[in-house]
Each structure stands twice: as C-alpha cells, then as structure tokens.
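Participant: Prediction below, plus the sequence it came from.
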Amino acid sequence: MQRPSNPSIPHLLLAASASLLLGGCATNLAPVRNFADQTQKMSVHFEPMLAGGVHSCMDKAMRKRLILAERFDAQASEQAARADCAAIAQASASIASLNDVLLRYAQTMAALADDKLPVYKEEFSGLGDALGGLAQPGAGAPLLDADKLAKVVKLSEHLSRLATQRRQKSALRELLDEQEAVDIVSNALKEYAQRSYRAGLQDELRDLDLLRGAVDKAAPREPLAANYIRTRLHLEGGQLREREKIVAAYVAAVDALQASVAALRANFDRLQAPELERQLAQFSRDVDTLQRQAAFYAPARW
C-alpha cells in the first residue's frame, strides 16, 4: 500500500528554513543596529548644546548687568539679553535641522535593521533654505557651500524615499554609500560644537574674571552680598569647565561615528569582522563618555 504523501512536511521544512534564515539575518545585522542606537544617543546629546548656547549667552548678559549696573532692572535686562542673543538662537534652530538629518539617518538604519518601515510625521521640507544661509561660527563664510549643501539635501531626500520601501539589505547598503554626506553633516555639527558652543563657554569664563574684580571692589560696602556672589561665580566657573569637556567628548564621538560608517561600509558582507567589532565598541565607549559628561549641561542657576 502506497503511503500517502504529507504535503505539510515540505511546508514545515520551508518555514523552518525561512525562520533560520531570518534569524541569521537579524543576528548578522546586530552591528548595524548597534551603530544606529549609538548614533541616536549621540544626536540626542547634541540637542541640549543648542539650548545651552542660548542659555550661556543669556546668563552672561544677565550676570554682567546684575553685577556691573548701578540700577538693575530684571525685566529690562532680560529683554536686552534676548536681543543680544537673537542671532545665536536663530543659528541654533538651523543647526537643529542638521542634527535632525543625522538622527533620522540613524532611525532609518535602526528600522531597516529590524526590518520595519520607519514612520516620519514630518518631512525635510525647507531644509535647503534653513541651511543655505547659515554662516560658520565666528566667520562670514557659509557653513555649507553649494556642493556640500546639495549632498546633505540629497541625503535627506534619500531617507524620505527609503521610508516608503521595504528593501532591507540593499537599502542599508545605499545608506552606507552616503558616507560623504554623513561626514559633511557630522563635521558641520562638530564645527558648531567647537567654534560656537565652546567659544561661548570660554567667553563666559573670561567674563567671570572681570566680574570677580567688580565684586572685590564692592566687598567693603556689602561683604555678605559679595561673599554670596563670589560663591556663585566659583560654582559657575566649575560648571563651565565641566561643560567645556562635553565638546571634547562630542568631537571624539563624531570621529568614532565617521570611522564606524566607513567600517560598516567596508565590512557590510562580513558584519562579524573583528575590526568592525572593535570600531563599534570604540564608538559605544565614546558615546558613553559623552552621555556621562552631558550631566553637566545645565548651568549653575542663580
């Protein structure tokens, strides 16, 4: 008697094979997900730098008026400080859109590594206009020349296209091929951190020396008030020096990010390569350092 065939067995074998293949794919793409997670953390820790730059400018202006003015009007001083810092606030808004490109890049890679479609509520409309008029901190030259700006806009458009497609590995390879654009974006963010955020902190530190001299002159008339302000200036100086270290940590993380994109691109067909593992481990360490140092973003409040 002929044994009846069992059509479910081939289907079960096929399903098991597919499961193993999918499981292997997920495991193999773990380095991509690791990179994407660290890049997202790095982007998140850049955001307070933007608000911190505006706050530093405001705090510096308010402190000067508080200590040096013969008659101090808090409301008028705040309004004047906002006017003094308006250009910094406007530049911060444009830089935020550039950081958002890097964040979306990481989010798209993470979603593709998990074989999920990223869902964006906002598109990159107006990105070219926002970044086109942005000047280098402390200089009149544009932060991104026409060629670099075109590459950044192309990357943002690429992200929007990939968000509507489900082509996991080929899409990831396309994103890694955008290495030059990622370098342009991250170098611009690094430039801001070094030449705007850190420069503002250094200006504040120089102002503290000036203010200490003014407090010392007033000390014989108001010793208690002078001692209080000396204490606040001392605490503020320590906080500013710790916030300066954030810049060094961020620059190291950016350098590791760029090296990681290059390593992923070179080893995409062998994601378990030891040199890639070492590079991603270094990136994770640098982001952890940034995360620990970022605790000092908040200024010492008066």
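Facilitator: That came through, no problem.
Participant: make it CA atoms for all contacts and neighbour counts henceforth
Facilitator: OK.
Participant: and residue 155, what pLDDT?
Facilitator: Confidence at residue 155, expressed as pLDDT, is 80.
Participant: which residues touch it?
Facilitator: Listed by Cα atoms under 8 Å, 6 or more residues apart in numbering, the contact set of residue 155 reads 178, 181.
Participant: Show the backbone phi and psi for it.
Facilitator: Reported as degrees, to the nearest 10, the phi and psi values for residue 155 are phi -60, psi -40.
Participant: got it, and residue 73?
Facilitator: According to degrees, to the nearest 10, residue 73 has phi -120, psi 110.
Participant: Could you give the number of residues near it?
Facilitator: 11 (other Cα atoms under 10 Å).
Participant: And it, how far from residue 60?
Facilitator: Per Cα to Cα, to the nearest Å, residue 73 is found 16 Å from residue 60.
Participant: Repeat that for residue 168.
Facilitator: 49 Å.
Participant: So for these two, which sits in the more crowded spot?
Facilitator: When neighbours are counted by other Cα under 10 Å, residue 168 and residue 60 differ, and residue 60 comes out ahead with 20 against 17.
Participant: residues contacting that one?
Facilitator: Contacts for residue 60 (Cα under 8 Å, 6+ apart) come out as 204, 207.
Participant: Now do it against residue 47, distance only.
Facilitator: Distance, residue 60 to residue 47, using Cα to Cα: 20 Å.
Participant: What strand or helix carries the residue nearest to residue 215 when sequence neighbours are not counted?
Facilitator: Distances taken as Cα to Cα, 6 or more residues apart in numbering place residue 226 nearest to residue 215, at 5.8 Å, with adjacent residues excluded. Using DSSP states H and E, residue 226 sits in helix 223-266.
Participant: which other helices and strands contact that helix?
Facilitator: helix 30-68, helix 168-176, helix 179-192, helix 198-218, helix 274-293 (3 or more Cα pairs under 8 Å, 6 or more residues apart in numbering; DSSP states H and E).
Participant: For that helix, what does the pLDDT average out to?
Facilitator: Mean predicted lDDT for helix 223-266 stands at 92.
Participant: can you state the direction angle for that helix and helix 198-218?
Facilitator: Compare the direction of helix 223-266 with that of helix 198-218 by axes from the mean of the first three to the mean of the last three Cα atoms, to 10 degrees and you get 170 degrees.
Participant: please renumber so the chain begins at 16
Facilitator: From this message on, residue numbering opens at 16, which makes the last subject helix 238-281.
Participant: and the angle from helix 238-281 to helix 194-207?
Facilitator: Orientation check (the same axes, to 10 degrees): helix 238-281 against helix 194-207 gives 170 degrees.
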